[in-house]
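Visitor: got a predicted structure here, sequence first:
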Amino acid sequence: LFLLAAPTPLRQLTVDRANHSGAQWMPGDREIAHVTRLPQGPGFAAIDSESGRTRPLFLLSELPRPPGPSQPSTASPSTNISFSPDFSRLAMAIVQDGRPNIWMAGLRHQRPDGTLTQLTFEKDGGSYPVWSTDGRWIAYQCNTGTDTNVCVTRADGRERAQLTHEHGQSWVGGWKSDNDTVLFAAERNGVWNVESVSRTTTQNHVLTQFTLPQGHVRYPRWDAANQRTVFQRAQTTARVWTVEL
């Protein structure tokens, strides 16, 4: 994990040999929760961004599971487990009958309290939950056949809505602080761009204008002023050619 807090230079936070991923700020904006390997197995730890002091939070094996056959999402827990802003709940994808859906687990003293509630009931699957800044909404990736779209639900499971309906892929990134606008990485006809969609009006805006299929965008986020977005863009260069059919 690294920390960039302008105007100070980029600073490395974790130095041990374990992997550290899925960084999420905790209340107070001092400690950062992340996935790593604890002495007893994989789990979440918290690191103090000022002192570098690290403390364990809980093991992934401590997360509650629904009755009957199920398994955690096959995706990395750093992308499919999301803490509420006040750190009182977490949303995660759990697979049952071959389909992932979003479930909510309660937290007490920053550890799972044993409660578990199913929030989504997608027929083709729902995953990758992202909390709104006020903790009242969760955006997630909902599947329709081979397409993925942006869906939202209240944190109590009510008022589920699908915000995008285009063919292709729509991968949720982050919320604006207005708790209405969701950023996402959109693939349309083989070309990836960053787009946003309103929860209340479903109005869509294309924010980037890439036109070539050699590459993709991922993980869009708003800046603190909600005026710019930051995202990852990968470009593929190789002696392999593509042709439109």
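Guide: Okay, I see it. Residues are numbered from 1 along each chain as shown.
Visitor: list the contacts of the nearest residue to Arg11 once chain neighbours are set aside.
Guide: Closest residue to Arg11 apart from its sequence neighbours, by CB to CB, 6 or more residues apart in numbering: Leu3 at 5.0 Å. In short, each C-beta sits where N, CA and C put it, glycine included. Counting by CB atoms under 8 Å, 6 or more residues apart in numbering, Leu3 touches 10-13, 49.
Visitor: okay, the lengthiest strand in the chain in CSV with CA atoms only?
Guide: Counting residues, the longest strand in the chain under DSSP state E turns out to be strand 99-108. The C-alpha trace of strand 99-108 is given here as CSV (Å, rounded to 0.1, in the frame of the first residue of the first chain):
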residue,chain,number,x,y,z
ARG,A,99,-25.3,-17.3,-9.0
PRO,A,100,-23.7,-14.5,-7.0
ASN,A,101,-25.8,-12.0,-5.1
ILE,A,102,-25.2,-9.2,-2.6
TRP,A,103,-25.5,-10.0,1.1
MET,A,104,-25.0,-7.7,4.1
ALA,A,105,-23.2,-8.7,7.3
GLY,A,106,-23.3,-6.6,10.4
LEU,A,107,-20.1,-5.4,12.2
ARG,A,108,-19.7,-4.8,15.9
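Visitor: the helix or strand that that strand is followed by vs strand 99-108, what angle?
Guide: Next in sequence after strand 99-108, counting helices and strands by DSSP states H and E, comes strand 111-118. Strand 111-118 runs at 140 degrees relative to strand 99-108, counting by axes from the mean of the first three to the mean of the last three CA atoms, to 10 degrees.
Visitor: each with direction, which strands does strand 111-118 pair with?
Guide: Note on strand 111-118: by DSSP bridges, its sheet partners are strand 99-108 (antiparallel).
Visitor: now what about the partner strand, what contacts it?
Guide: With CB under 8 Å, 6+ apart as the test, strand 99-108 has contacts from 63-64, 66, 73, 83, 87-94, 112-127, 129, 138, 140, 153, 155.
Visitor: any of the residues you listed buried? List them.
Guide: Buried members of the contacts of strand 99-108, counted by 16 or more other CB atoms under 10 Å: 63, 73, 83, 87, 89-94, 112, 116, 119-120, 122, 125-127, 129, 138, 140, 153, 155.
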